[in-house]
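1. Here is my input, please return the structure:
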Amino acid sequence: MTAAAMRRIGIIGGMSWESTAHYYRLLNEGVRDRLGGLHSARLLVANVDFAPIEAMQAAGDWAAAGRALADEARALQAGGADLLLIATNTMHKVYDAVADAVDVPVLHLGDVTAAAIRGAGLERIGLLATAYTMEQDFYRDRLSQHGVISLVPAPKDRDEVQRIIYAELCVGRFEPASHRELVRVAETLVAQGAQGIVLGCTELELSVRPGDLEVPVFATTALHCAAALEVALASDDKPQAE
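-> Got it, this is the predicted structure:
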């Protein structure tokens with residue numbers, strides 16, 4: 001495949017930039033592994049300032065957050081993106097606002113995660129994520145549409161996972177004690193019947209690894225990137241928006 005034939009992936013990132021850097025690395029490594037040589041991904045990255053977005057999250061002003069991300073999506077499409085990724089699980093809360101703003105596909109992180117879970121023959125998973133993703137229904141319902149049941153931690157554990165994500169992982173802090181705490185919470189969900197664990201926050205992959213648990217671990221960033229590359233490197237005509 002020539003560089004001109006590779007589709008350009010637009011990334012709505014910066015939430016946090018730590019996890020967006022993970023997206024950037026995985027997409028480029030994926031192209032290198034598939035095409036070899038000096039090939040790298042054709043990317044456009046909109047790196048938003050996370051502080052105002054986080055304030056909108058905390059205030060429950062998801063409409064404003066949706067408008068902000070929709071603006072970024074339109075800019076990426078105008079810049080030549082052929083498909084888009086919202087590089088954060090939590091902000092899939094405003095997926096419809098983003099998808100409705102553009103004419104190119106926006107690959108839903110929940111869909112590709114559910115496909116991997118069902119492909120592994122599982123249907124009951126433990127969900128580690130931000131409090132918004134664990135407690136609200138936008139993400140769990142998306143998994144449920146594919147026949148996947150989500151278990152979430154108890155309130156105290158949800159609070160601790162939220163703290164670790166925002167106070168540590170989003171700002172590049174990787175504390176061994178917090179890593180152990182995340183594994184403990186995941187193991188509690190396994191004890192309650194989870195057949196696998198979904199790392200439903202992109203930052204969690206910076207701490208928890210598949211080998212940390214005895215059940216399958218579904219790293220959503222890696223799954224999202226792999227799905228994007230399947231589209232970007234496909235040899236047929238450019239995809240149409242849903």
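
2. Okay, buried residues for the biggest helix by length in the chain please.
-> Taking DSSP state H as the criterion, the chain has its longest helix at helix 17-35. Within helix 17-35, the residues that count as buried by 16 or more other C-beta atoms under 10 Å are 17-24, 26-27, 30-31, 35. No exception for glycine: its C-beta is placed from N, CA and C like everyone else's.

3. So what touches it?
-> With contact meaning C-beta atoms under 8 Å, 6 or more residues apart in numbering, helix 17-35 is reached by 1, 6, 9, 11, 13-14, 39-41, 43, 45, 47, 50, 85, 87-88, 169-172, 201-203, 205-206, 221-222, 224-226, 228-229, 232-233.

4. Then stretch 173-192?
-> 126-128, 151-154, 157, 160-161, 164, 167-168, 197, 204, 206-208, 212-215.

5. Now, of these, which are buried?
-> 126-128, 151-153, 157, 160-161, 164, 168, 197, 204, 206-208, 213, 215.

6. Closest one of the buried residues of helix 17-35 to Lys93?
-> Checking the buried residues of helix 17-35 against Lys93 by C-beta to C-beta gives Ser19 as the nearest, at 16.1 Å.

7. State the distance from the closest residue to Met6 other than its chain neighbours to Arg8.
-> What sits nearest to Met6 in space, not counting adjacent residues and going by C-beta to C-beta, 6 or more residues apart in numbering, is Arg42, at 5.1 Å. For Arg42, the distance to Arg8 equals 4 Å [C-beta to C-beta, to the nearest Å].

8. joint contacts of these two?
-> Joint contacts of Arg42 and Arg8 (C-beta under 8 Å, 6+ apart) are Ala232.

9. Settle it for me: which of those two has more neighbours?
-> Neighbour totals were compared for Arg42 and Arg8, and Arg42 leads with 19 against 16 (other C-beta atoms under 10 Å).

10. is it true that that one touches Gly10?
-> No: if you go by C-beta atoms under 8 Å, Arg42 and Gly10 don't touch, sitting 10.0 Å apart.

11. which SS class is the residue nearest to Ala5 when sequence neighbours are not counted?
-> Spatially, and ignoring its direct neighbours in sequence, Ala5 is nearest to Ser235 (7.8 Å; C-beta to C-beta, 6+ apart). Counting by DSSP: H, G, I helix; E, B strand; the rest coil, the backbone at Ser235 sits in coil.
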